Structures are given as structure tokens and as C-alpha cells.
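J.: what follows is a predicted protein model with its sequence.
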Amino acid sequence: MALLPIVQYPDPRLAAKAEPVVVFDDALRQLAADMAETMYEAPGVGLAATQVGKLIRMVVIDISEEKNDLHVLVNPEITSRSEEIKECEEGCLSLPGLYEKVKRPSFVTVKAQDLKGEFFEMQCDELMSVCVQHELDHLDGIVFIDHLSQLKKSRAAAKLAKRRKEKAREEKAKRENR
């Protein structure tokens, strides 16, 4: 397994729509394993293939505290949504350090394939519902701040840019002090 670089916003690959997976082979299984390792190391609870520069419709999710309940969804599709809407604070490995409240349906049903190409269905509520919707958005070229008003999105992007500059300054200072 290997850690993969996570694509950072506003990289244009995050705005691209992912293609369906048609070949279920060892390379796909290896990518899923590498994505899971990358997600756990980050640390995060979900990661879409587009976030590691692969424009295919696959996500990995594990919301368990123990990090032992990995879900791999290939060609996932939400088949139903509740009318009830919940607002939750979301973050993203492609927008590190940024958290904003997003409104989403509180319950979804998702149909997907596993790594062998077999179809399955999942009923998702609470954090799993939020995570599934967030990761599937990535497959359609949507990041969570796209759900915000234009003003909030602009503020979030400016906050992210400021954090990146501060981090770059800190890293430069560390290198100079060696």
C-alpha cells in the first residue's frame, strides 16, 4: 500500500466529473487500498478517487472510531433522499482546516458496486449520510463550499488561502532554522 497525494482546492481536477468504473481488477483493488491508507493517515472519514487525481467513480468511507469499518463504493448513486434536511459542519481533506455548515438530506439510500463489481445498497443516516453525499459530490466535481452562499464561499476560500500562506511561512522558517 502507498500514501497518495491529496489534490488541494482549487485544483481544476476537483471540478471534473468522474467516469464510471468498467474494469474491476487488481489495479482497482490496489487503488482502493491506497485510498483507504491515505484517508486513515490524513486523518479523514472519506476520500473520493478524484481527490487523489483519479477521475473514476469510487469512494472510500470509514466513520468508525476504531477505523475498522471500511466501505468501498464503486459507481455509487443516491437512489433516494429524505425530505428532512439537517445542517452539519463539514470539512474536507482537499480543503484542510476549513469547516463550514452545510444543509443536506438527513437520510439517503445509495446503490453501488463492490470491488468485484457486485451491486449492493446501503441505507445511510447521521454521519454516514453526510459523508456519502459529500464524497459523491466530489465525483460530480462539487466541493462542499459549493453548497454555500457566494459570500460565504468567498470568505471560506480567502480563509483557506490565508492558512496556506501561513503554513508555507512556517515550513520556510523551519527549513531556515535547520
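T.: Structure's in. What do you need?

J.: elements contacting the worst-scoring helix or strand of the chain on mean pLDDT?
T.: Ranked by mean pLDDT, DSSP states H and E, the helix or strand of the chain with the weakest confidence is helix 150-176, at a mean of 89. When contacts are defined as 3 or more Cβ pairs under 8 Å, 6 or more residues apart in numbering; DSSP states H and E, helix 150-176 packs onto strand 95-105. (Each C-beta comes from the backbone N, C-alpha and C, glycine too.)

J.: ok, then the element right after the strand it packs on?
T.: Per DSSP states H and E, the first helix or strand lying C-terminal to strand 95-105 is strand 107-113.

J.: could you point out which element follows the helix or strand in which P76 is found?
T.: Taking DSSP H and E as the criterion, the element that holds P76 is strand 71-81. The first helix or strand that comes after strand 71-81 along the chain, using DSSP H and E, is strand 85-92.

J.: list the buried residues in that following strand.
T.: By 16 or more other Cβ atoms under 10 Å, the buried positions in strand 85-92 come out as 88, 90, 92.

J.: okay, that strand in CSV with CA atoms only?
T.: Provided in CSV are the C-alpha atoms of strand 85-92 (Å, rounded to 0.1, in the frame of the first residue of the first chain):
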residue,chain,number,x,y,z
ILE,A,85,-32.8,18.4,6.0
LYS,A,86,-30.1,18.6,8.6
GLU,A,87,-27.3,21.1,8.9
CYS,A,88,-23.9,19.7,9.8
GLU,A,89,-20.4,21.1,10.0
GLU,A,90,-18.2,19.6,7.2
GLY,A,91,-14.6,19.6,6.5
CYS,A,92,-12.6,18.1,3.6
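
J.: any idea of the angle that strand forms with strand 107-113?
T.: Orientation check (axes from the mean of the first three to the mean of the last three Cα atoms, to 10 degrees): strand 85-92 against strand 107-113 gives 50 degrees.

J.: show me the contacts for the residue lying closest to G97 once chain neighbours are set aside.
T.: Closest residue in space to G97, ignoring its immediate chain neighbours: R163 at 5.1 Å, by Cβ to Cβ, 6 or more residues apart in numbering. By Cβ atoms under 8 Å, 6 or more residues apart in numbering, the contact list for R163 reads 96-98.

J.: how about low-confidence regions in this structure?
T.: In the predicted model, the chain carries no residue with pLDDT under 70.

J.: so what's the residue count around I63?
T.: 16 (other Cβ atoms under 10 Å).

J.: what about it, distance to L28?
T.: Using Cβ to Cβ, to the nearest Å, I63 is found at 23 Å from L28.

J.: what does A168 give?
T.: With Cβ to Cβ as the criterion, A168 and L28 are 35 Å apart.

J.: do K165 as well
T.: Taking Cβ to Cβ, one finds K165 at 38 Å from L28.
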